[in-house]
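**Q** need a structure here:
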Amino acid sequence: MSNTMDWPQIRLGNVVVDMQAGFAQRPGQSNANVPQLRTNNVSPQGTIDLSELVYVSVSGSEFQKYRVQKGDVIFNNTNSTEWVGKTAYFDLEGDYVHSNHMTRLRADGELLDAEFLALYLHYLWRIGQSGQLSKQWVNQAAIDQETLSSFQIPFPPLPEQRRIAAILREADEIRKLRRRANEKAQEIVSALFYDMFGDPATNPKEWRLSSLSKVGFLDRGRSQHRPRDAAHLYGGPYPFIQTGDIANSDGWITSYTQTYSEAGLTQSRLWRKGTLCVTIAANIAKTAILTFDACFPDSIVGFTPRPDVVVVYVRQWFVSIQSELEKLAPQAAQKNINLEVLRNLQVPLPPLLLQNEFASLVAEIYENTTQQNKTFQHFDALHQSLLDRAFTGELSATWREQHVEELAQAARERDHLLTQLRLAPAELVTLAQPTRSEISDRQELLVILNDVQRALLAMLNEQLATYYTANSAHEELITIECSLDVVRRELHFLAAAGWIKEQTLPAEADPGSIRYIPVYRSLLLDDNSQQPDIDQLIARLGSEYPDEVLV
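**A** Numbering: from 1, shown residues only. Below is the predicted model of the structure:
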């Protein structure tokens, strides 16, 4: 069976016709009416997310220079080490520009399929390569155009690139089902809220009104230390929630990607489980309820209701007025809303019995959604497996063998174009890859893991059924030097890719409260099978791709 030994590799800079970083939003703009794509508009799934758009004002010449159009590739060039390198294929119509933290790429369509390029660059982010290739400083990383241009890109003939992109596009439709299910659940909750309580803007049921400050405790989060990104503040046992965690949640904070140390906790504050978190900067009035004790910065407000007010009701009330609150935020470099505005908001107060009934119905809907999400999470891991196989040549191997003459002609055309560009085929770099016959099915994927990932995997596999936190794994990882943040990120990746098992367990906390932390262990026998998921995927994709998705 063919593999990537048949695929040459080429520098990215040789097969794109345009590589353009965007511009920073300027403060105090008027007539801001053009949407600007920023870091949050490329999702972790490698898609364009327009849920949190910022609008800017641009001149005619700026619009032409920074315009994003259908067929472009959007690369996140500056972010934290964890997120730098996220990439998406832009397949939308309309007028958009991009920020200075994003780079717009336009592929040479005669040589490189743009969607294939976006998928591969995002794959590099998923396996941690983008972060490793970035220039890093405290809590921030960047990939400049020179570095990005030097990326080596797999270079199969154009028809095979398109085939791979088509298969992965079909597989991604399954993952979209989860997002659609969550959106539908929120629509049901909103309809239920309006049916039971009426529109809060008009209060047709004439509920008694009270200011938000009088129906509970309301205060900003705390992050007093400067600089805020000081390394000693992070890497401890206390979850640290940020605005993005809230904006990307489904109304409940059930996980986190950053933690505070004891020093971090000292300059912050630990909010209790059940607190309603409200964003007041960048993302305006997005809300979610904590399911564990956590800290958060002053860009988030915490609300804890008095006994005769139900937090689930208050959250949905915020959802119903969120768009109006966003209009109140000044159009500055970063939107924000004053705490006093929130304190003076008038909240309709239906009877406690009715609020509790609403909360019970929401809990049932949320439980059903959670069960659905657990099912679809298998497809996330399966999609990652398909990505691994796509860029080692396995995913399209059967199709490749059935289209030998077509691919040979496409390769000749490619080589002719390269010669015209003064890039002779002999100059292309081909990286040696082990063949399927040389290594087992599962071990074959070890070649894509970085040194830290392999070291962590080996350590967990030596201690079967032993649970590790990120801290304990970092302490015992003696074969390689790396930071706690790197260990935490790589453990999360290994779990998402199906190499190890991630679970959430209760940890010691203050009397009367429970704190949950993520822990990791090696796979047990019944953890390590994706065949049922693959069977479902084949059924959903139909008969066109069965040989290509089998492991």
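
**Q** residue boundaries of the helices in the stretch 401-550 of the chain?
**A** In the stretch 401-550 of the chain, the helices defined using DSSP state H, counting those that start in this stretch lie at 404-420, 451-462, 470-476, 484-496, 531-541, 546-549.

**Q** got a markdown table for the ones you listed, with mean neighbour count and mean pLDDT too?
**A** All C-beta atoms are positioned from the backbone trio N, CA, C, and that covers glycine. Output for the helices of the stretch 401-550 of the chain, formatted as a markdown table (neighbours: other C-beta atoms under 10 Å; pLDDT from 0 to 100):
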| stretch | mean neighbour count | mean pLDDT |
| --- | --- | --- |
| helix 404-420 | 14 | 74 |
| helix 451-462 | 18 | 84 |
| helix 470-476 | 17 | 84 |
| helix 484-496 | 21 | 78 |
| helix 531-541 | 15 | 48 |
| helix 546-549 | 16 | 39 |
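
**Q** what's the closest of these to Leu212?
**A** helix 484-496 (35.7 Å; C-beta to C-beta).

**Q** can you add distance to Ile143 and give the helices of the stretch 401-550 of the chain back as JSON lines?
**A** Output for the helices of the stretch 401-550 of the chain, formatted as JSON lines (distance: least, C-beta to C-beta, whole Å):
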{"stretch": "helix 404-420", "distance to Ile143": "25"}
{"stretch": "helix 451-462", "distance to Ile143": "19"}
{"stretch": "helix 470-476", "distance to Ile143": "25"}
{"stretch": "helix 484-496", "distance to Ile143": "17"}
{"stretch": "helix 531-541", "distance to Ile143": "32"}
{"stretch": "helix 546-549", "distance to Ile143": "32"}
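
**Q** closest to Pro348 out of those?
**A** Closest among these, using C-beta to C-beta: helix 484-496, at 41.1 Å.

**Q** how far out from the middle of the chain is that closest one?
**A** 14 Å (C-alpha atoms, centre = their mean, to the nearest Å).

**Q** could you give the angle of it to helix 451-462?
**A** Counting by axes from the mean of the first three to the mean of the last three C-alpha atoms, to 10 degrees, helix 484-496 lies at 60 degrees to helix 451-462.

**Q** helix 484-496 - contacts with which helices or strands?
**A** strand 234-239, helix 352-390, helix 451-462, helix 470-476, strand 500-507, strand 515-522 (3 or more C-beta pairs under 8 Å, 6 or more residues apart in numbering; DSSP states H and E).

**Q** what's the offset of the third one from the middle of its chain?
**A** Spelled out, it's helix 451-462. Relative to its parent chain, helix 451-462 has a centroid offset of 24 Å by C-alpha atoms, centre = their mean.

**Q** and the contacts of that helix?
**A** For helix 451-462, the external contacting residues (C-beta atoms under 8 Å, 6 or more residues apart in numbering) are 128, 446, 449, 466, 468, 473, 476-477, 479-480, 482, 486-487, 490-491, 493-494, 499-500, 520-522.

**Q** could you chop this structure up by domain?
**A** For the chain, the domain assignment from automatic domain parsing gives the residue ranges 4-155+403-427, 208-349.

**Q** in a markdown table: those, plus distance to Lys184.
**A** Shown next, in a markdown table, are the domains of the chain (distance: least, C-beta to C-beta, whole Å):
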| stretch | distance to Lys184 |
| --- | --- |
| domain 4-155+403-427 | 16 |
| domain 208-349 | 11 |
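
**Q** quick check: Val487 touching Tyr468?
**A** No: counting by C-beta atoms under 8 Å, Tyr468 is not a contact partner of Val487; they are 9.5 Å apart.

**Q** dump the residue contacts of His98.
**A** Here His98 is in contact with 22, 36-38, 66, 68, 74, 104 (criterion: C-beta under 8 Å, 6+ apart).

**Q** highest neighbour count among the residues you listed?
**A** Leu37 (27 neighbours; other C-beta atoms under 10 Å).

**Q** in which helix or strand would I find the closest residue to it other than its chain neighbours?
**A** Sequence neighbours aside, His98 is the residue nearest to Leu37 in space, at 4.5 Å (criterion: C-beta to C-beta, 6 or more residues apart in numbering). His98 is part of strand 96-98 when elements are defined by DSSP states H and E.

**Q** ok so, going back, quick one: which of the helices and strands packed on helix 484-496 is nearest Glu173?
**A** helix 352-390 (10.1 Å).

**Q** list the contacts for the residue lying closest to Gly46 once chain neighbours are set aside?
**A** Distance criterion C-beta to C-beta, 6+ apart; nearest residue to Gly46, sequence neighbours excluded, is His122 at 3.9 Å. Shown in contact with His122 (C-beta under 8 Å, 6+ apart): 46, 85-88.

**Q** if we use 7 Å, what do you get?
**A** 46, 86-87 (C-beta atoms under 7 Å, 6 or more residues apart in numbering).

**Q** off-centre distance for the strand holding His98?
**A** 20 Å.

**Q** following element in sequence after that strand, please.
**A** strand 102-107.

**Q** could you confirm Val58 falls within a strand?
**A** No: counting by DSSP: H, G, I helix; E, B strand; the rest coil, one finds Val58 to be coil, located in no strand.

**Q** about what we covered before: for the contacts of His98, give me CSV that also has secondary structure.
**A** Output for those, formatted as CSV (three-state DSSP):
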residue, secondary structure
Gly22, coil
Gln36, strand
Leu37, strand
Arg38, coil
Tyr66, helix
Val68, strand
Ile74, strand
Arg104, strand
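
**Q** okay, strands next: where are they in the stretch 51-200 of the chain?
**A** 54-56, 67-68, 73-76, 78-79, 87-89, 96-98, 102-107, 135-137, 140-142, 152-154 (DSSP state E, counting those that start in this stretch).

**Q** got these as a markdown table, with distance to Val319 columns?
**A** Output for these, formatted as a markdown table (distance: least, C-beta to C-beta, whole Å):
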| stretch | distance to Val319 |
| --- | --- |
| strand 54-56 | 21 |
| strand 67-68 | 30 |
| strand 73-76 | 28 |
| strand 78-79 | 28 |
| strand 87-89 | 27 |
| strand 96-98 | 27 |
| strand 102-107 | 29 |
| strand 135-137 | 38 |
| strand 140-142 | 32 |
| strand 152-154 | 43 |
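
**Q** single out the most deeply packed of the ones you listed.
**A** Most buried of these by mean neighbour count (mean count of other C-beta atoms under 10 Å) is strand 73-76; its value is a mean of 27.

**Q** circling back: between the helices and strands packed on helix 484-496, which gets the lowest average pLDDT?
**A** For the helices and strands packed on helix 484-496, the bottom mean pLDDT is recorded on strand 500-507, which sits at a mean of 71.

**Q** so Gln316 sits against Phe193, correct?
**A** Yes: with contact defined as C-beta atoms under 7 Å, Gln316 reaches Phe193; the gap is 4.7 Å.

**Q** coming back round to it: parallel or antiparallel, which strands does the strand holding His98 pair with?
**A** strand 34-37 (parallel), strand 67-68 (antiparallel) (DSSP bridges).

**Q** any idea of the mean pLDDT for the last one?
**A** Translated: strand 67-68. On average, strand 67-68 scores 96.

**Q** look up how far Ser80 lies from Thr87.
**A** 16 Å (C-beta to C-beta, to the nearest Å).
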